[in-house]
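S.K.: After the sequence you'll find the predicted model.
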Amino acid sequence: MPHYKNNCLFCGAELEYNRDYKQATCVLCGQRFDTNVQCVHGHYVCDACHSLPASEFILRFCITSESKDPMAQAIALMRNPSVAMHGPEHHFLVPAVLLSAYYNVKGNRSTKEEKIKIAQRSVRSTFSVVSVVSMVIVVRR
């Protein structure tokens with residue numbers, strides 16, 4: 001299986017390095033850049049997106065993915081080095097890939113983005129409440 005430290009962050013395929021630079025669009029943010037590196041499937045991830053925190057990478061990946069297979073999306077995301085094996089980002093990863101696949105099947109891109117962003121906010125607010133409750137319990141002991 002491909003390892004994302006050396007391969008495409010979007011699909012895991014092998015990277016191709018060319019002598020000449022050409023314009024490419026980042027699959028995550030949509031901005032255009034001059035680059036000499038793309039994967040064999042034509043994906044390009046810019047430097048800014050390449051170094052995103054896990055939650056933001058999951059958000060952008062799921063919004064731009066056209067896959068109708070939530071397991072394939074989850075596996076691709078979990079291979080990314082920013083997604084820790086036992087990290088809290090999995091609480092957002094699961095609803096994000098399910099929503100992404102569902103709305104890809106339905107063909108409703110605008111609703112997909114909105115629902116994934118709601119899921120991200122819900123997970124963040126849940127962690128805030130859990131953190132506060134945990135702190136109160138610890139302080140009371």
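M.R.: Noted; the coordinates are in hand.

S.K.: and the residue positioned nearest the centre of the chain, what element?
M.R.: Closest residue to the average C-alpha location of the chain: residue 58 at 2.3 Å, with C-alpha atoms, centre = their mean. Using DSSP states H and E, residue 58 falls within helix 54-64.

S.K.: and that helix, average pLDDT?
M.R.: Average pLDDT, helix 54-64: 94.

S.K.: Which neighbouring elements make contact with it?
M.R.: Applying 3 or more C-beta pairs under 8 Å, 6 or more residues apart in numbering; DSSP states H and E, one finds that helix 54-64 contacts helix 70-78, helix 90-106, helix 109-140. Quick note: C-beta positions are derived from backbone N, CA and C, even for glycine.

S.K.: Figure out which of those is closest to residue 23.
M.R.: For these, proximity to residue 23 was assessed by C-beta to C-beta; helix 109-140 is nearest, at 24.0 Å.

S.K.: what's the single longest strand in this protein?
M.R.: strand 15-25 (DSSP state E).

S.K.: Lovely, talk soon.
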